[in-house]
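**Student:** no sequence on this one, just coordinates:
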């Protein structure tokens, strides 16, 4: 009987440990899902602003330490208010989802795509040169312009403007977003549906002397 009792005790211990392991796994999965939900925009499945601000400081720090190129792209849908006013917010939401999917398709899995607010998106790209980043921006702009988005047999024209800032030694996500937003404003001023970098904000010597 002593052997039986000892064997039963071992099995009870095994069962308890198994249950604890399953509970721990469930808690980890639940925590991961809660974290995902608090960092992801439910409409577009891109990161939300919180997800962006949580993810980027480490990326910026690594880029600065290793002297990698890191670009912050801020893009805005042109005349999006008109889409909502004309076709309704349900159609507007579909446009946002389509644009988000197109952005994701144009960038790598390790790039960060976030819905910054409303019709604004932010993309973080690193470890490629500036010329390649500008090429990716232009390709994305062209792909968005080519989207064939129809509602009630009517095609809705969609285009984006993009502003780009490049990471420097003392930059933070806030300073990069500030300059990317300035470049975006320049793109809007220049007729929309185009790409501008922060370098185009700096007046040339000849322009200053004119």
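**Tutor:** Now that the structure is in, tell me what you want to look at. Since this is a predicted model, take the numbers as computed values, not measurements.
**Student:** check contacts around residue 150.
**Tutor:** Contacts here follow CB atoms under 8 Å, 6 or more residues apart in numbering; on that basis residue 150 touches residue 156. No exception for glycine: its C-beta is placed from N, CA and C like everyone else's.
**Student:** same question for residue 83.
**Tutor:** Applying CB under 8 Å, 6+ apart, the residues near residue 83 are 77, 91, 92, 95, 156, 158.
**Student:** now those in CSV, with pLDDT, distance to residue 195 and secondary structure?
**Tutor:** Listed next are the contacts of residue 83 as CSV, based on pLDDT from 0 to 100; distance: CB to CB, whole Å; DSSP: H, G, I helix; E, B strand; the rest coil:
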residue, pLDDT, distance to residue 195, secondary structure
77, 98, 14, strand
91, 94, 26, helix
92, 95, 23, helix
95, 96, 20, helix
156, 93, 22, strand
158, 96, 16, coil
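**Student:** now the two most distant members of those residues.
**Tutor:** The span of the contacts of residue 83, defined through CB to CB, is set by 77 and 91 at 12.7 Å.
**Student:** what about these two, which has more around it?
**Tutor:** residue 77 (21 against 16; other CB atoms under 10 Å).
**Student:** hey, what's the more buried one bridged with?
**Tutor:** For residue 77, the beta-bridge partners under DSSP bridges are residue 160.
**Student:** I'd assumed residue 160 was in contact with it.
**Tutor:** Yes. The pair residue 77 / residue 160 is scored as a contact, 5.7 Å apart, by CB atoms under 8 Å.
**Student:** spit out the residues that contact those two alike.
**Tutor:** Residues touching both residue 77 and residue 160 by CB under 8 Å, 6+ apart: residue 99.
**Student:** looking at the chain, which helix or strand does the model trust least?
**Tutor:** Across the helices and strands of the chain, mean confidence by mean pLDDT, DSSP states H and E is lowest for helix 205-209: a mean of 35.
**Student:** residue 94 versus residue 48, what's the distance?
**Tutor:** Remark: distance between residue 48 and residue 94 (CB to CB, to the nearest Å) = 19 Å.
**Student:** who has more neighbours, the two?
**Tutor:** residue 48 (20 against 17).
**Student:** distance check, the nearest residue to the more buried one once chain neighbours are set aside against residue 116.
**Tutor:** Distances taken as CB to CB, 6 or more residues apart in numbering place residue 41 nearest to residue 48, at 4.5 Å, with adjacent residues excluded. Going from residue 41 to residue 116 by CB to CB gives 10 Å.
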